[in-house]
Structure formats: C-alpha cells, structure tokens
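J.: let's see this in three dimensions:
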Amino acid sequence: MKFKIGILLLFILLIGCMNNSDTGEGDYAYFGGQVINPKNNFVVLSVSEKVLDTVLLDNANRFVYRIDSLKTGFYTFKHGDEFQMVLLEPRDSIMFRLNTLDFDESLVFTGVGAKKNNYLVNEFLKNEVEEKIVFKQCQLDPDVYENKISEVRQKKLKELSQFKEKYAPSELFSNIAMANIDYNYYFKKEIYPFVHYGYNKNEILESLPKDFYNYRASINYSDAFLKDHFTYKSFLRSNINNMALKTHMDHSENKMFKRNSVCYTLDKLTLIDSLIEIPLMKNEMLYHYTINFLTKNEEEKYNETVMASYLSKSNDTKNNMLVRQYAAAIGNLKSGYELPDFMVRDYKNTEFNIKSKILSPTVICFWSHTAFNHFKDSHSKLKELQAKYPEVTFMSINLDDYELDTVKKTLKRNNMPLEDEYVLMNPIKTRELLAVYPLTKAFIVDENKKIVKSNSNIFDRHFEEDLLGAINR
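T.: Residues are numbered from 1 along each chain as shown. Sure, this is the predicted structure:
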C-alpha cells in the first residue's frame, strides 16, 4: 500500500509539473523517482560522461526533473555509489522506485516510457543469471555449447517480437534491444576458450568450428551510442581478450596460457589501440587492462614495460596520473615491507591506527555497498575461514565515505557481527595508499605487521597456501 501511495503522489506531482510547463514544440522529458533507504539526499543525472545536474530529494526522498533540449539516448542516474541507466526519448515522463539495499533488483519504472526501460532492466537481470549458467555450459563441446546459447537467443528474439507487437516501441528502442540480444550472445561465444577447462588455450581455439566467430566482421568497435551500454562493454572486453589470446598464442613459445603474462597484456593494449577510434572508449579500455595487470603482477620489472606501452597509447591525463600513482603505491606494498599506517574507526566510534590491532597473523579484506553480492559472499567466506584458522585475525574494512551509522545498519541488517569490522577514516587517500583494486583484494600480514602478500584474494584456490605461509613464519 505504501508503494502505491508513494507512486501515486509522485505521479500527481509529475502531472502538475507537466501542466505548469509550456506545451510548445521541442524535445524534453521528465524524469523522477523515489529512493528507499537513501544513502544521501540527492541524485546525480549524467549524459555521455558529463554531469547534467545534481537533484535534491525532498522530505519523502522523491524528486522530479525536467530535461529540456533532450538529447535522445541513455542517461545515467547515480545515488551514493550505485548507478543505473535510463533510455529517454522526447515527451517521456518516467518515474522510478528503488531500494538502495537491493539496487538493480528493486528498480521499477512507471509512466510514459517506462515499458521500454523495465524491459531493458529485466534483460540486464536475466543476463546476470544466465552468465552463471553459461560458465557451466562452457565445459560442453563447442557445437553443443553453441546450440545451447542459440536456443536462449531465439527465445529472447521471440520475446522482443512479442513486446514490439504489443507496445509498438520506437525504432531506436528496437535497435537497442536487438543489439543487447546480439552482444550478449557474442559475449557468451567470446568467453568460451577462457572458461572451458584446460590450460592449453591454443588447442581449445583450434577445436572451434571455422565459422564460430564469423560475426566479428560486422562488429562496430567504436559505437558512440552504445559505448556506455553494459552488455556492449562486456562484449568488447571479452572480444579483446579472445583476439589477443590468438595473437599471443601465435607468437608465444609457451602454450600453457598465463592470463596475466606481460606479453599477453601488451598484445591486448596493442589491439585496443588499433581497433577503437573513440578516444574516451580507448582510454577507458587501456586503463582497465593496465590497472588489472599492475594489480596481479608479481614481477615488478614488468610494471614499467606495461606502463610505457599504456602511456604511449592513452591521452587521458587523469587516468595516466592514476596509473603512475597506483604503480608507486604497489612499489611500497612488497612482501616483507611493513604495512603502511592508516587510520580506521570501529563501530564504537573509536579511532586508531590499524597496526595497533595486528597482534597475530592477519587478513585484511575490503567491502563496499556498490558490490552487495561481494559484501555477502566475502563475509560468508570470512566466517568459514575464521572457524578453520582461529589463530588468524580476519579484518573487514568498509571503503565507502558514509556515516558510521549507515554502514553499521547494513552489517546489523545482514546479521554480521561488528567485531573486527572497521571503516576508513580517509577513504580516498587510503584506497590510493593501499592500491585497493579490485574489491576482492586482500592483504595477508604476519604478527610483526610485515606484508606477506598484498594482492591476495580469499576466494582464490591458492589463498590458504599463502595464509599457512604467514602462520608458519
């Protein structure tokens, strides 16, 4: 009942705004919504990486915003560290309702233009579910696997056809929905060699049907309209990985593939530079692969080689500076070095240097509201590890720049104990100091506060070996 009343009130407010506005020609749209369990009192609207406006929520955590001189396409709305996209066309009047505790799953659109956006959100959620299934199906033979994913694609095409027949959406939406189906299908084909069991990826590539990747000839690697679309971006990364794999295997003497080898990384950077023409897209992809390499590389001598290749191809001043800072931070986090000083706060609101709590072998993990599944999975894994290794201290640190009570409520709501849970005193500076990327990164530190490993991962199959190394020092 509260949901219906909230939407009704918002709809009345929106209609009032429309009635008070001019009714002349011109492209405009209304966009509004209600945020349940808000993390702050505003929503940020953006288009093409540029902030359009910061809109304050009212006392009921609602807002309505009119976009004049509308540029048809995807707009991003961000609240806290979460974001989602909405497709806006002239004269749309779209409202949403979401709960920050379950951001994407709770998102519902209503109003003129809502049907197409609910369709796109539902497809996004379906793709997430399908991805888990596909990882198992990748162990099938190529022909069988292709039949499986083709069946899913045909089902999606039928559903899209029914949607178009029922609602008669614009040609623009139809093209986007079709691209979403196609690129999701292509993504599944690109990941096959990586997920399929076996370390000899060259043999896997050679076992594929000759026409397995025929669609590549029609790919637009610089699609300005889709450049921010999640499915398109996921496909591009998988496609770059796969094509660089073929190049790498052609000139590599070692046929046992190493995902984070310097040679393979250089092949990816070269391929990105040759294929992608839009500077923003190219810079983002170059940055992604370079940071990913620096995060996982354990041979420092190769960092400079990859950085030199990256800097010769990227013209993004900000990202270039971040890469240099990240590489410098990693240089201070080597095995045997003492853990850097940084301040945290516990849930009794007490501040202290983290090292004052390190009196035994310790694992330091991180979490954020932006990755809720990781939050739940990591805490479940830590509980399992604590039972197995009682002599080890397992710390979990929240990275968000939120009020202490906000983070505390999240832990309590999910029945997480507050012991060995902390928040950073200076999140931005400390994340840079500790080079926290990706979010799964974990530190293993011995009882003398010396780093055993700074780029560990509690979900990695070798994690417990590294942990035992710290225990037995």
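J.: domains of this protein?
T.: Domain ranges of the chain: 2-112, 113-250, 258-331, 343-471, per automatic domain parsing.
J.: could you measure the nearest residue to Val152 once chain neighbours are set aside against Tyr213, distance?
T.: Leaving aside its chain neighbours, Val152 sits nearest to Glu130 (6.5 Å; criterion: Cβ to Cβ, 6 or more residues apart in numbering). C-beta coordinates here come from the backbone N, C-alpha and C atoms, glycine included. According to Cβ to Cβ, to the nearest Å, Glu130 stands 20 Å off from Tyr213.
J.: related to what we said a few turns ago, between the domains of the chain, which one is closest to Tyr337.
T.: Closest approach to Tyr337 among the domains of the chain (Cβ to Cβ): domain 343-471, 5.3 Å.
J.: now the end-to-end length of the closest one.
T.: 25 Å (Cα to Cα, to the nearest Å).
J.: longest strand of the protein, counting residues only.
T.: strand 28-36 (DSSP state E).
J.: which strands and helices sit next to that one?
T.: helix 2-20, strand 42-47, strand 62-68, strand 73-79, strand 82-88, strand 93-99 (3 or more Cβ pairs under 8 Å, 6 or more residues apart in numbering; DSSP states H and E).
J.: mind redoing it with 10 Å?
T.: For strand 28-36, the elements it packs on are helix 2-20, strand 42-47, strand 50-56, strand 62-68, strand 73-79, strand 82-88, strand 93-99, strand 108-112, judged by 3 or more Cβ pairs under 10 Å, 6 or more residues apart in numbering; DSSP states H and E.
J.: list the buried residues of that strand.
T.: 28-35 (16 or more other Cβ atoms under 10 Å).
J.: farthest-separated two in these?
T.: Tyr28 and Val35 (23.2 Å).
J.: circling back: using a markdown table, lay out the domains of the chain together with mean pLDDT and distance to Tyr337.
T.: Conversion of those to a markdown table gives the following (pLDDT from 0 to 100; distance: least, Cβ to Cβ, whole Å):
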| stretch | mean pLDDT | distance to Tyr337 |
| --- | --- | --- |
| domain 2-112 | 80 | 30 |
| domain 113-250 | 94 | 32 |
| domain 258-331 | 93 | 9 |
| domain 343-471 | 92 | 5 |
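J.: wait, what's in contact with the most centrally placed residue in the chain?
T.: Nearest residue to the geometric centre of the chain (Cα atoms, centre = their mean): Ala371, 8.0 Å. Residues in contact with Ala371, defined by Cβ atoms under 10 Å, 6 or more residues apart in numbering, are 81-82, 377-378, 399, 438-440.
J.: biggest helix in this protein by residues?
T.: When the chain is parsed with DSSP state H, its longest helix is helix 142-167.
J.: name the helices or strands packed onto that one?
T.: Judged by 3+ Cβ pairs under 10 Å, 6+ apart, the packing partners of helix 142-167 are helix 114-137, helix 171-190, helix 192-195.
J.: sorry, back to before: of Glu130 and Tyr213, which one has the most company?
T.: It is Tyr213, of Glu130 and Tyr213, that has more neighbours when counted by other Cβ atoms under 10 Å, with 19 against 16.
J.: list the contacts of the more buried one.
T.: Contacts of Tyr213 by Cβ under 10 Å, 6+ apart are 186, 189-190, 192, 205, 219, 239, 242-243, 246.
J.: just the buried ones from those residues?
T.: If we count by 16+ other Cβ under 10 Å, these have these buried: 186, 189-190, 192, 205, 239, 242-243.
J.: among those, list the two that are farthest apart in space.
T.: The widest separation within the buried ones among the contacts of Tyr213 (Cβ to Cβ) is 16.3 Å, between Tyr186 and Leu205.
J.: what about the residue nearest to Ile451 when sequence neighbours are not counted, how many residues nearby?
T.: Computed as Cβ to Cβ, 6+ apart, the closest residue to Ile451 that is not its neighbour in sequence is Tyr337, at 5.3 Å. Number of residues near Tyr337 (other Cβ under 10 Å) recorded here: 13.
J.: my guess is Tyr337 contacts Asn448. True?
T.: No: applying Cβ atoms under 10 Å, one finds Tyr337 not in contact with Asn448, separated by 11.5 Å.
J.: didn't Cys186 look like it was pressed against Ser238?
T.: One thing to correct before we go on: residue 186 is Tyr, not Cys. Yes: with contacts counted by Cβ under 10 Å, Tyr186 reaches Ser238, the gap being 8.2 Å.
J.: let me see the ranges of the helices in the stretch 251-400 of the chain.
T.: 262-275, 279-296, 301-313, 317-331, 372-388 (DSSP state H, counting those that start in this stretch).
J.: packing partners of the shortest one?
T.: Translated: helix 301-313. helix 262-275, helix 279-296, helix 317-331.
J.: give the buried residues for the shortest one.
T.: When you say that, I think you mean helix 262-275. Buried residues in helix 262-275 (16+ other Cβ under 10 Å): 262, 264-269, 271-273, 275.
J.: what helices and strands are in contact with the helix or strand in which Glu464 is found?
T.: Per DSSP states H and E: Glu464 is located in helix 463-471. If contacts are counted by 3+ Cβ pairs under 10 Å, 6+ apart, helix 463-471 sits against strand 362-367, helix 372-388, strand 442-445, strand 451-456.
J.: quick one: it to strand 451-456, angle?
T.: 160 degrees (axes from the mean of the first three to the mean of the last three Cα atoms, to 10 degrees).
J.: list the buried residues of stretch 73-85.
T.: 73-77, 79-82, 84-85.
J.: which one of these sits closest to Ala60?
T.: His79 (15.0 Å).
J.: now the closest one: closest residue in space, sequence neighbours ignored.
T.: His79's closest residue in space is Val43 (Cβ to Cβ, 6+ apart), at 5.1 Å.
J.: ok, what's across the strand from the one you found?
T.: Val55 (DSSP bridges).
J.: what sits against it?
T.: 31-33, 35, 53-57, 61, 63, 65, 77-80, 83, 96.
J.: and with 6 Å instead?
T.: Counting by Cβ atoms under 6 Å, 6 or more residues apart in numbering, Val43 touches 55, 77, 79.
J.: how many other residues sit next to the first one?
T.: In other words, Val55. 16.
J.: quick one, what contacts it?
T.: Contacts of Val55 (Cβ under 6 Å, 6+ apart): 43, 63, 65.
J.: ok, now the second one?
T.: With contact taken as Cβ under 6 Å, 6+ apart, Phe77 is in contact with 43, 45.
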